[in-house]
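Colleague: Quick check, what structure comes out for this input:
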Amino acid sequence: MKKSLSLFKKVRSRCIFLGLMTMSMASFASSHREAPLISSDPQADNTDLYAFRSPDDPTTITIIANYIPFELAEGGPNYYGFGTNVRYEIHIKNKTSTTGDDITYRFTFASVNQDPTTFFNIRLGKQNLKLTYTCEKSTDGGASFTTIFTNGIVPPANIGPRSIENSTVGLGTTYPALMTSAISTASTGEKMFCGPVDDPFFVDLAGAFDLGNFRPEGNTTNSTKDALSGYNVHTISLKIPINMLQKSGLSVSSAANILDKDFVIGVWASASRQSIKTLNTGGTVAYSGSWQQVSRIGMPLTNEAIIPVGKKDRWNALSPYISDVDYVYYLKNPELALYMDASKFASAVPALNALRIQSHSLGAYDFRNGHKGLYALKGSAAVSGTALDDAIAGTILLPDSTSPRAVDILPIFYTGVPNLAPYQLATHKLAGNPLAHGKPFINNYLPTVGDMLRLNMAVPPTPRTDPNFSSLGLLKAAVLGLTNTTYNGDTSLQNIPNMDGFPNGRRLEDDVTTIELQAVSGVVLAAIGLWYDDYVPGTSTSPVTPQLLSTLGFTAGITHNDTTFNASFPYLQAPWRGYDYVMKPRF
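Modeller: Numbers count the residues shown, from 1 in each chain. Next up, the predicted model:
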């Protein structure tokens with residue numbers, strides 16, 4: 001029986017009313033505890049999102065949405081698991097003619113106790129808190145959903161050898177076998193896996209939020225520390241045939257070339273709860289009210305390092321299709337850029353000494369916050385036919401005289417980057433003119449303004465055994481296209497290694513923290529011909545100046561995951577085992 005209204009509490013967590021989403025408190029690690037309200041609800045907390053062309057099956061795309069940050073391997077007796085009152089969704093955009101999702105996958109979970117007489121999670125072949133899932137799919141913007149898989153298996157926590165491997169008192173199997181048996185195929189052909197895994201993200205979290213004190217650059221007395229080393233996370237992984245994601249149902253063999261604009265998709269993930277949670281007598285909980293989005297992720301680090309603390313909760317609660325135009329300012333003048341600007345606060349953040357933004361690129365262009373950038377070119381004959389032409393991309397890239405990073409940071413995060421000048425490598429650009437035709441290396445342009453991970457599915461995957469495979473993604477592709485004789489001989493379109501890397505999608509190996517910090521410092525501008533300030537026009541056609549080398553040599557400290565990845569779906573490594581787990585030295 002429920003208590004009377006005076007005796008029970010309506011728990012107003014972060015999900016009771018949309019208005020609560022405007023509360024301002026504070027909070028990184030791609031999206032681990034990134035906003036004040038979601039930090040108190042880990043089951044609904046998006047941590048990371050990945051989208052890449054499957055390296056062992058290039059006719060498919062793998063999308064990985066991770067949830068529940070900082071899971072300790074020995075976290076019993078109530079081990080971490082997906083919430084049974086949460087809608088976990090993966091959203092896909094492949095058309096600009098529609099106003100919302102073109103494909104949505106919704107996962108919901110149910111729990112059962114097979115032996116409620118014991119306090120153990122696993123005993124005598126039975127499992128408590130045993131999760132199963134249902135997957136539904138919508139292709140009409142969420143108006144209707146069709147169930148495509150039921151009773152999906154979620155592997156238990158990797159508790160220890162007696163619980164998992166012992167055939168007398170435990171499950172009598174191995175954890176790799178549990179993971180393999182949990183890979184399922186939906187009625188529509190997608191492969192899926194849901195369960196605990198090693199957290200694949202890596203970052204010096206403590207250094208980053210100690211006012212940018214990345215190590216070892218900012219603190220030479222301590223080694224670099226990976227805050228996610230040894231932690232687990234829960235994943236929802238999908239492996240989807242490309243023709244199911246392409247807007248016209250085409251297979252990748254039909255692509256006109258490896259940068260075919262018709263093969264671009266946008267991906268984001270979310271979690272939603274019902275708006276009211278009620279605690280009842282007897283220890284039961286009831287949920288009611290409308291469903292409210294409480295967490296989302298598209299591009300990594302957006303909410304952590306772009307959106308200011310007073311707006312983080314509201315950003316989490318809204319769809320990118322209807323809200324993200326309100327946050328464009330923070331991409332046109334990113335706060336991080338102030339700590340790479342000697343005229344502002346660069347001296348206060350020594351860890352970023354290698355990163356300095358162009359203030360007089362080519363003797364004319366200033367990309368520091370609040371300055372003109374390329375605005376002087378707006379409406380001129382020089383930009384005619386380029387992406388900076390208002391007739392082609394509208395006014396978003398050159399909106400006004402005080403938004404310098406609308407030309408690079410904004411499209412990277414909010415529209416994708418087209419295969420048009422100036423967004424081509426400076427390789428053989430005539431007379432060093434950044435607006436001239438150069439060497440193509442990216443086209444993930446999907447001009448629906450919103451925070452999504454954009455991926456051109458036509459770009460071939462770089463083999464992980466390729467000697468040029470790099471965690472620096474597109475930045476490494478740019479370096480190869482500028483300096484490697486295999487690729488810099490002309491401006492033809494070539495399959496440069498790592499063109500499939502972040503920010504063209506996101507691979508598990510990609511070092512997104514280093515890439516984004518280098519990008520904020522202007523390395524993308526340099527790659528397309530807007531050289532760093534130490535380039536002297538007329539003395540050289542090479543962009544390889546000491547400042548560029550300094551920027552490319554910068555890392556955020558941690559550059560790879562603390563364990564390996566697997567060669568086949570879901571590619572993620574098994575979760576750390578609780579029994580014999582020792583917190584690894586995270587240095």
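Colleague: Quick check: buried residues in stretch 114-122?
Modeller: With burial defined by 16 or more other Cβ atoms under 10 Å, the residues of stretch 114-122 counted as buried are F120, N121, I122. Placement of C-beta: from N, CA and C, glycine included.
Colleague: Need the residues that contact that stretch.
Modeller: Taking contacts as Cβ atoms under 8 Å, 6 or more residues apart in numbering, the residues outside stretch 114-122 that touch it are 76-77, 79, 123-124, 126-130, 156-157, 159, 163-164, 170-171.
Colleague: what do you get for stretch 124-136?
Modeller: The contact list for stretch 124-136, computed with Cβ under 8 Å, 6+ apart, reads 78-79, 81-82, 84, 105-116, 118, 120-122, 145-154, 156, 169-172, 186, 192, 194.
Colleague: so what's L446 scoring on pLDDT?
Modeller: At L446, the predicted lDDT confidence score is 95.
Colleague: list the contacts for it?
Modeller: Residues counted as contacts of L446 (Cβ under 8 Å, 6+ apart) are K93, N94, T96, V264, I265, G266, T415, G416, M452, R454.
Colleague: Could you point out the helix or strand that follows the longest helix anywhere in the chain?
Modeller: Of all the segments of type helix in the chain, defined by DSSP state H, the longest one is helix 473-483. Past helix 473-483, heading to the C-terminal end, the next element that is a helix or strand (DSSP states H and E) is helix 512-520.
Colleague: got the angle for that next one vs helix 473-483?
Modeller: Per axes from the mean of the first three to the mean of the last three Cα atoms, to 10 degrees, the angle that helix 512-520 makes with helix 473-483 is 50 degrees.
Colleague: So which residues make contact with helix 512-520?
Modeller: Residues outside helix 512-520 that contact it (Cβ under 8 Å, 6+ apart) are 30, 203, 208, 300-301, 305, 334, 336-337, 340, 352, 355, 357, 405, 408-409, 412, 471-475, 502-503, 506, 551-552, 554-556, 558-559.
Colleague: Just the mean pLDDT for it, thanks.
Modeller: For helix 512-520, the mean per-residue pLDDT is 96.
Colleague: just stretch 378-389 next, same as before
Modeller: Model confidence over stretch 378-389, given as mean pLDDT, is 95.
Colleague: what about it, distance to the chain center?
Modeller: 32 Å (Cα atoms, centre = their mean, to the nearest Å).
Colleague: Then stretch 380-392?
Modeller: In terms of Cα atoms, centre = their mean, the centre of stretch 380-392 is set 31 Å apart from its chain centre.
Colleague: show me where pLDDT drops low in the stretch 401-550 of the chain?
Modeller: Applying pLDDT under 70 to the stretch 401-550 of the chain picks out residues 538-542.
Colleague: Could you rerun that using 80?
Modeller: By pLDDT under 80, the low-scoring segments of the stretch 401-550 of the chain are 430-432, 537-543.
Colleague: same question, the chain
Modeller: Across the chain (using pLDDT under 80), the flagged ranges come out as 1-36, 216-224, 430-432, 537-543, 581-587.
Colleague: try 50 this time
Modeller: Judged by pLDDT under 50, the chain has its weakly predicted residues at 1-29, 585-587.
Colleague: Residue for residue, what is the longest strand it has?
Modeller: With secondary structure taken from DSSP state E, the chain has its longest strand at strand 264-279.
Colleague: Counting neighbours, show which residues of that one come out buried.
Modeller: Neighbour counts using 16+ other Cβ under 10 Å place 264-278 of strand 264-279 among the buried residues.
Colleague: Quick check: end-to-end length of stretch 561-570?
Modeller: 16 Å (Cα to Cα, to the nearest Å).
Colleague: what does it contact?
Modeller: Stretch 561-570 is contacted from outside by 54-57, 62, 64, 179, 183, 191, 193, 197-198, 200-202, 226, 228-230, 235, 237, 239, 464, 508-509, 571-573, 584, 586, using Cβ under 8 Å, 6+ apart.
Colleague: which SSE is P196 in?
Modeller: Secondary structure assigned from DSSP H and E places P196 in strand 191-198.
Colleague: Tell me how far the residue positioned nearest the centre of the chain lies from L238.
Modeller: Nearest to the geometric centre of the chain sits P300, at 3.5 Å (Cα atoms, centre = their mean). According to Cβ to Cβ, to the nearest Å, P300 and L238 sit 18 Å apart.
Colleague: Quick check: phi and psi at T147.
Modeller: With angles defined as degrees, to the nearest 10, T147 shows backbone torsions of phi -70, psi 130.
Colleague: Neighbours of it, how many?
Modeller: The number of residues packed around T147, counting by other Cβ atoms under 10 Å, is 12.
Colleague: still on that earlier bit, tell me which strands and helices the strand holding P196 is in contact with?
Modeller: strand 146-153, strand 184-185, strand 232-241 (3 or more Cβ pairs under 8 Å, 6 or more residues apart in numbering; DSSP states H and E).
Colleague: what's next to the second one, contact-wise?
Modeller: Yep, that's strand 184-185 we're talking about. Applying Cβ under 8 Å, 6+ apart, the contact partners of strand 184-185 are F149, G152, I153, K191, M192, F193.
Colleague: Show the residue spans covered by the helices in the protein.
Modeller: 161-164, 175-181, 205-209, 242-245, 302-305, 312-317, 320-323, 329-332, 390-393, 409-414, 473-483, 512-520, 523-527, 546-553.
Colleague: And the fifth one, what does it pack against?
Modeller: So the one you mean is helix 302-305. Using 3+ Cβ pairs under 8 Å, 6+ apart, the elements in contact with helix 302-305 are helix 312-317.
Colleague: which of the residues in the helix it packs on are buried?
Modeller: Residues of helix 312-317 classed as buried by neighbour count (16+ other Cβ under 10 Å): K312, D313, R314, W315, N316, A317.
Colleague: just stretch 355-366 next, same as before
Modeller: Within stretch 355-366, the residues that count as buried by 16+ other Cβ under 10 Å are L355, R356, I357, Q358, S359, S361, Y365, D366.
Colleague: want to try CSV for the residues you listed, with distance to Q293 as columns?
Modeller: Shown next, in CSV, are the buried residues of stretch 355-366 (distance: Cβ to Cβ, whole Å):
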residue, distance to Q293
L355, 34
R356, 38
I357, 35
Q358, 38
S359, 40
S361, 40
Y365, 39
D366, 39
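Colleague: S380: which of the residues you listed is nearest?
Modeller: Set against S380, the nearest of these by Cβ to Cβ is Y365 (13.5 Å).
Colleague: does S54 really touch I61, like I thought?
Modeller: Yes. Between S54 and I61 there is a contact at 6.7 Å, judged by Cβ atoms under 8 Å.
Colleague: Neighbour count for the two, which is higher?
Modeller: Neighbour count, other Cβ under 10 Å: between S54 and I61, I61 has more, with 26 against 19.
Colleague: Just list whatever residues bridge to the more buried one.
Modeller: Following DSSP bridges, I61 is listed with bridge partners R53, I240.
Colleague: how's the protein carved up into domains?
Modeller: As given by automatic domain parsing, the domain ranges for the chain are 10-201+233-323, 328-565.
Colleague: Show me the one of those domains that comes nearest R577.
Modeller: It's domain 10-201+233-323; of these, that one is closest to R577 (Cβ to Cβ) at 4.5 Å.
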